[in-house]
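1. Below are the sequence and a predicted model; questions follow.
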Amino acid sequence: MNKSLENSVFSSQPPYLILGGGRVTEEYYLPALRRLGLLGFTQVADLTEKSLTSLRQTFPEANYWCCDHGSALERMRESGLEGPARVVVTLPNALHVQASHQALEAGHHVLCEKPVSLKVAECKLLRELSQQTGMAMRVAMSRRYLPNLLLAKQIVQSGELGTIKRVEIQDCGQFLWRPKTFSFFAQESGGVLADMGVHYLDYLDYILGPLTPLNYWDDFQGGVESSLKYQLSAGEVRISMELSRLDGSANYLIIEGERGQLRVNKACEDTVFLTPLGQPTRRVKIDYPFVESAWPLNFSGSFTQMLADFEAVVGGESRPIADIADAERVTSLIEWAYGERSLESPRLPQPDLASAPPRKIVVTGASGFIGGHLLDRLHGLSTLPIRTAVRSPASCANLCRYPIELCPTDLLDPEQTRRLVAGAQVVYHLAYGKETGTGSEITVKGTRNLIEAAIAAGVEAVVVLSTMYVFGFPETGKPVDESFPYRPYGGEYGQTKATMEKWLLNRAKSSGKTRIVVLNPTCVYGPRGGAYTTMPVNLAREGGFCWVSDGQGYGNYIYVENLVDAMLAAATVPEAHGERFIVNDGYVTWRDMLAPLLAPLAVDLPSYSPRALADLPRSGGPFRLQDLLSAILGCREVRDVAKRSGLVRQVLDLGRKSGHIPNNSPTGGEPVSASEQYPPEWLGDLYGPAQVVFSSAKAAQVLKWTPRYDLAAGQARTVDWLYQNGYYNTER
């Protein structure tokens, strides 16, 4: 049935009206309604035709209105529908209360996405309205229905663990959700507590009883939090919860009782791990958690069962779907937590810069490793306005901790780029091309668009981040400095950076009052780093790392905070205009640089010559999709390169749809044993035997820049961060 309500009233089945055509509607609600045979009775309303177009293509059985939620409810009334509809509210969080209130008043049953509200008083208002109208009001706590959590509830309530003593929750890792709009990160939506924490709070309240908050901390800096630690209790049960959209490697729930322990791994959606006291751990799998055995045993199946229960509740039956009273209790825990936090947080000691930071700042590439550290420093220096270029809401998990302006920008679009730099005094340009087919164009043409827009807008200074790779690794007996010719290394990445640099330095000759400065950092490491921080650790613990030529090649390194110092200095020194600067803390062997980061793993690492490394057999056993996804997702640098392949992007999409993309470690999934993993050949390129030294003498002379953290200090801070975020799978 593909007709509008105006032309056909759904007489055999009251219709579903979904308010909001976002990601959760596309990935979960519409597939669930299709399984239930209700998609032909479903109307979807959304403000943007773009969202509806993609839904029409995938779910042609449903019906669609391009309008706001109020208009959709009015059109439902005008259709002459007899009896209540089922209204599913999947709008941005700030509209949940308003839309639910209007739907209840109009005489419809409501299923609202979580969180219904961040205010207890608003939940109470909806509860009372539901009672007054006689309309059901339920909350989409869909994780109650996850097969592994259903099984965990059965085991706890069976008494097999005895009296429950302790609960530990770790849900930390890369932000993999792909919201369609930036409203997902709006202040009124809340952060990771309101997004993921609400599920865990609801589940524990559901199986253990009312919770009492004890202590709370998060990384809120005026926007929405991305990481938090929360301690609570349920009677005598002590609960610790740690969540992060940014860092970490742990994704599990542990329930410990007097007779044993139960572990739920987030990636194993139909299995739990039970360890009775004094006995070995065994896997326990749930077979039929849903009313239909054909429904998938994953999150998608959970939505299907939740909707089936909602339909049953509307019909007068009692089902375990969360109600508004449940939401009211959980909201009180969120409201208390947000009331406990403070903007005060420890700050790094600031360098002695030549002058105060600029009044208005624009940053491109702020969502990356280096950009995140720069943004944190800029925010810490003062409350100056900061604007960041963003391509997608999916990359905003770190940015949205701050009260900054997000400016959707495609650097290949001159008009969007002009809007980005309007009113700016300084621009820090860290973005470079990573997209398939357009990577080189974004690095080169996108930079040109940015510079031309900055010059036209009268920007005082533009600091552009390049790379030491533009110099290559020349065989020379003296340190490489800025006088060396271009010999790009690293394929397209190095070549496009060199092309960009040449144009920049030439354009600086005629840029008028706009200063242009280029920085060439060496190997950047530090907290949240990839190629020189987390990647060797991930590879080593999976048996996939080795020393190349006994690790005696030279690693020219720079700690990320030292690089940020150089960027800030470059923006304030007039003499830096039209120049490029190598910024390098120093050099040591790769063994000396990486061994302290690898030491906590206590693993023996082999050594191969480049030729022997290239000749290693790499059968690795039968192909597993999970292994490929793990390798791609394990490191941002590798991921950025791999995603230039259309085939790889198809594999990633397949992994998301099939549920194979794992979330329980930085590399995903369970570690591959050393016998199955061989060191990749490209280690010889990244940590190779070349003994080339880079000089930062020019940066010291002109920028007055010297490393604030020496190697030992940088390594110690990095190791602390790796411990804190579970990369060693052990505590200090």
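-> Nice, I can see it.

2. Could you use CA atoms for every contact and neighbour count after this?
-> Fine.

3. phi, psi of the closest residue to residue 582 other than its chain neighbours?
-> In space, and not counting its chain neighbours, residue 582 is closest to residue 520: 4.5 Å by C-alpha to C-alpha, 6 or more residues apart in numbering. In terms of degrees, to the nearest 10, the main-chain angles of residue 520 are phi -120, psi 80.

4. Check what pLDDT residue 520 gets.
-> Note for residue 520: predicted pLDDT of 97.

5. Quick one: residues contacting it.
-> 465-468, 580-583 (C-alpha atoms under 8 Å, 6 or more residues apart in numbering).

6. try residue 93
-> Per C-alpha under 8 Å, 6+ apart, neighbours of residue 93: 114-117, 184, 188-189.

7. and which of those residues is nearest to residue 305?
-> Distance to residue 305 across these (C-alpha to C-alpha) is lowest for residue 114, with 16.8 Å.

8. burial count for the closest one?
-> Residues near residue 114, counting by other C-alpha atoms under 10 Å, number 22.

9. wait, doesn't it sit right on residue 139?
-> Yes: counting by C-alpha atoms under 8 Å, residue 139 is a contact partner of residue 114 at 6.4 Å.

10. Tell me which stretches of the stretch 551-700 of the chain form helices.
-> 560-572, 590-598, 610-615, 625-633, 636-642, 646-658, 683-686, 697-698 (DSSP state H, counting those that start in this stretch).

11. Please report the number of neighbouring residues for residue 447.
-> Neighbours of residue 447 using other C-alpha under 10 Å come to 25.

12. now the one 5 residues further on
-> Other residues within reach of residue 452 by the criterion other C-alpha under 10 Å amount to 16.

13. Quickly note the distance from it to residue 417.
-> 9 Å (C-alpha to C-alpha, to the nearest Å).

14. What does the pLDDT read for the residue sitting nearest the centre point of the chain?
-> Compute the mean C-alpha point of the chain, and by C-alpha atoms, centre = their mean the closest residue is residue 175, 2.0 Å away. In this model, residue 175 is scored at 80, pLDDT.

15. what residues are up against it?
-> Contacts of residue 175 by C-alpha under 8 Å, 6+ apart are 245-246, 394, 397.

16. do the same with residue 258
-> Contacts of residue 258 by C-alpha under 8 Å, 6+ apart are 161-165, 277.

17. switch to 7 Å and redo it
-> 161-165 (C-alpha atoms under 7 Å, 6 or more residues apart in numbering).

18. PyMOL command to pick out the buried ones of those residues?
-> Entered in PyMOL, the line below selects the buried ones among these, by 16 or more other C-alpha atoms under 10 Å:
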select buried, resi 161+162+163+164+165
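
19. Closest one of the contacts of residue 258 to residue 72?
-> residue 164 (47.4 Å).

20. in the sheet, who's paired with that closest one?
-> Residue 164 has these beta-bridge partners by DSSP bridges: residue 257.

21. so it makes contact with residue 260?
-> No: the criterion here is C-alpha atoms under 7 Å, and residue 164 misses it with residue 260 at 9.2 Å.

22. What ranges does the stretch 51-200 of the chain have for its helices?
-> Listed in chain order, the helices of the stretch 51-200 of the chain (DSSP H, counting those that start in this stretch) span 69-78, 96-105, 120-133, 147-158, 192, 198-208.

23. So what's the model's average confidence on the longest one?
-> For helix 120-133, the mean pLDDT works out to 97.

24. How about the shortest one?
-> Per-residue confidence for helix 192 averages out to 94 on the pLDDT scale.

25. Next: stretch 220-230.
-> 91.

26. Which single one of the contacts of residue 93 is nearest to residue 458?
-> Nearest member of these to residue 458, counting by C-alpha to C-alpha, is residue 184, at 33.7 Å.

27. Might one say that the closest one is in contact with residue 92?
-> Yes: using C-alpha under 7 Å, residue 184 and residue 92 qualify as a contacting pair, with a distance of 6.5 Å.

28. higher neighbour count, those two?
-> Taking neighbours as other C-alpha under 10 Å, residue 184 and residue 92 compare with residue 184 leading, 23 against 20.

29. what's the spacing between residue 139 and residue 122?
-> 14 Å.

30. out of those two, which sits in the more crowded spot?
-> residue 139 (23 against 17).

31. Next up, the contacts around that one.
-> So residue 139 contacts 111-114, 322-324 (C-alpha under 7 Å, 6+ apart).

32. from those residues, which single one is nearest residue 427?
-> Once C-alpha to C-alpha is applied, the member of the contacts of residue 139 that ends up nearest residue 427 is residue 114, at 38.1 Å.

33. Skipping adjacent residues, who's closest to the closest one in space?
-> residue 140 (5.9 Å).

34. ok, what's across the strand from the one you found?
-> Going by DSSP bridges, residue 140 forms beta bridges with residue 113.

35. all numbers from here: first residue = 13
-> I'll keep to 13 as the first residue from here, and by that count the last item is residue 152.

36. That one contacts residue 122, doesn't it?
-> No: in this structure, residue 152 is not within contact of residue 122 by C-alpha under 7 Å, at 10.0 Å.

37. Who has more neighbours out of these two?
-> residue 122 (29 against 24).

38. what's around residue 107, how many residues?
-> When neighbours are counted by other C-alpha under 10 Å, residue 107 comes out with 17.

39. One more: residue 144?
-> Residue 144 has 11 nearby residues by other C-alpha under 10 Å.

40. From residue 117, how far off is it?
-> Residue 144 is 9 Å from residue 117, by C-alpha to C-alpha.

41. same thing with residue 699?
-> For residue 699 relative to residue 117 (C-alpha to C-alpha), the value is 65 Å.

42. So if I had to pick from those two, which one is more boxed in?
-> Neighbour comparison, residue 699 and residue 117: the larger count goes to residue 699, with 24 against 15 (by other C-alpha under 10 Å).

43. Next, the more buried one: phi, psi?
-> The phi/psi pair for residue 699 (degrees, to the nearest 10) is phi -120, psi 50.

44. thinking again about what came up before, identify the contacts common to residue 151 and residue 134.
-> Counting by C-alpha under 7 Å, 6+ apart, residue 151 and residue 134 have no common neighbour.

45. hmm, back to that, any chance of CSV for the contacts of residue 270, columns pLDDT and distance to residue 569?
-> Formatted as CSV, the contacts of residue 270 follow (pLDDT from 0 to 100; distance: C-alpha to C-alpha, whole Å):
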residue, pLDDT, distance to residue 569
173, 96, 51
174, 96, 53
175, 97, 53
176, 97, 49
177, 97, 47
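
46. Where do the helices of the stretch 313-462 of the chain begin and end?
-> 336-352, 381-393, 426-433, 451-453, 459-469.

47. looking at the ones you listed, which is closest to residue 98?
-> Comparing the helices of the stretch 313-462 of the chain by C-alpha to C-alpha, helix 336-352 comes nearest, at 15.8 Å.

48. From the contact counts, what lies against the closest one?
-> helix 132-145, strand 149-152, helix 210-220, strand 224-230 (3 or more C-alpha pairs under 7 Å, 6 or more residues apart in numbering; DSSP states H and E).

49. Would you format these as JSON lines with distance to residue 50 included?
-> JSON lines is the format used below for the helices and strands packed on helix 336-352 (distance: least, C-alpha to C-alpha, whole Å):
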{"stretch": "helix 132-145", "distance to residue 50": "24"}
{"stretch": "strand 149-152", "distance to residue 50": "18"}
{"stretch": "helix 210-220", "distance to residue 50": "26"}
{"stretch": "strand 224-230", "distance to residue 50": "40"}
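
50. Just name the most buried of the ones you listed.
-> Of these, the one with the most neighbours on average (mean count of other C-alpha atoms under 10 Å) is strand 149-152, at a mean of 25.

51. Restrict it to CA atoms and write it as PDB.
-> This file holds the C-alpha atoms of strand 149-152, laid out as PDB (Å, rounded to 0.1, in the frame of the first residue of the first chain):
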ATOM      1  CA  MET A 149       3.300   6.700  26.400                       C
ATOM      2  CA  ARG A 150       6.300   4.500  26.100                       C
ATOM      3  CA  VAL A 151      10.100   5.100  25.700                       C
ATOM      4  CA  ALA A 152      12.400   3.500  23.200                       C
END
